[in-house]
Every structure is written in C-alpha cells, then in structure tokens.
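quick one, what's the 3D model for this:
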Amino acid sequence: MARPSTYPPELRRRAVRMVAEVLGDYPTESAAIKAVCTKLGIGSYETLRKWVRQDQIDTGHRPGTTSEESAQVKALRKEVAELKRANEILRAASAFLAAELDRPHLRSWRSSTSTGTASAVSSRSATCCPGTRAASPPPPTTPTSSASQHLPRGPSGTRN
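So this is what the prediction gives:
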C-alpha cells in the first residue's frame, strides 16, 4: 500500500502546471522537470516526473489508466473483499445450522411424556422462573391397539 503524500494537492497541481509552462524554455522535458523541482523544493525528480505523467494520462495526452479509473478499481476490489468475507461468514453459519439440524435430539416429546420427565421439567422451570410459562406438551393422540397395527389389510383396505 502506498504511503500518504507529504505534498499537498495544490502544490502538485502548481508544479505540473509550471512544468507545462516552462517546457519551451528547456531543451528536454527532463531539464524542465529538474528546474521546477529545485524552484519548488520538491525532494526528487522522479516524484514530479510521475505527477506530470499522471496528469498527461488524466488529460488524455498519454495512454494509460486514469486516476478516476484507478480509484474505481480500488473501490471495487475493496467491495469484492468485503463480499467474500460476508460470504465466508454465511457459509460457516449455514454449515453450523445444517449440522445442528442433522444432529439427533436427545429428548423427544414422546419419550419425555411417557416417563413423566416433561412435567418435572415444567414444574422446575415454573419454580425457578416465576414469570415464565412452561411449554405445553403436544396434544394427546388417540391410542390404537398394538394388535390391530400388525394385522394385514384385506382387499377392501380394512384390517382383518
């Protein structure tokens, strides 16, 4: 990542403008850039040369990636990284919830009501948390004879 510039944007614009103005007074662009660097106290020739090149790209005088396009690419890369992080979090949560659904439950209503533990749990929760209601058990089912469940069905669909 590039470090922040120590030169203010106004100085950058002024230096680039000065190079364009004095370009005719010097035999090469390099000589004009060196002269402007010494006049404005810019630390290195390369710094001002890069500013001039970027200005030429931004104005369309030289091919390349403009500052605006670079900023858009940077913002899009940041957004892609953020979306990848969010997607990874959602993937992990989905895997966790899927594993939770696949896990066999230790107690079911049928086994707890037949042993009487549901009423013991309900009375305990009502005692420890007086403002809450205990969950009500499921509605009773009609009992069927175990012998009639094992009889084969006849041609009319009734049990014999």
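
just the buried positions in stretch 53-67, please.
54-55, 57-58 (16 or more other Cβ atoms under 10 Å). Backbone N, C-alpha and C define where each C-beta goes, glycine included.

list just the nearest of those to residue 28.
Using Cβ to Cβ, residue 55 is the member of the buried residues of stretch 53-67 that lies nearest residue 28, at 17.7 Å.

that closest one reaches residue 16, doesn't it?
Yes. Using Cβ atoms under 8 Å, residue 55 is in contact with residue 16, at 4.7 Å.

identify all contacting residues around stretch 57-73.
For stretch 57-73, the external contacting residues (Cβ atoms under 8 Å, 6 or more residues apart in numbering) are 53-54, 56.

restricted to strands, list those residues.
Among those, none falls in strands (DSSP state E).

a markdown table please, covering those residues and showing distance to residue 103 and pLDDT.
A markdown table is the format used below for the contacts of stretch 57-73 (distance: Cβ to Cβ, whole Å; pLDDT from 0 to 100):
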| residue | distance to residue 103 | pLDDT |
| --- | --- | --- |
| 53 | 62 | 94 |
| 54 | 59 | 93 |
| 56 | 65 | 92 |
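
helices and strands of this structure: which one has the lowest mean pLDDT?
Least confident helix or strand of the chain, by mean pLDDT, DSSP states H and E, is helix 117-128 with a mean of 49.

show me the shaky parts of this structure.
The chain contains residues with pLDDT under 70 at 1-2, 106-160.
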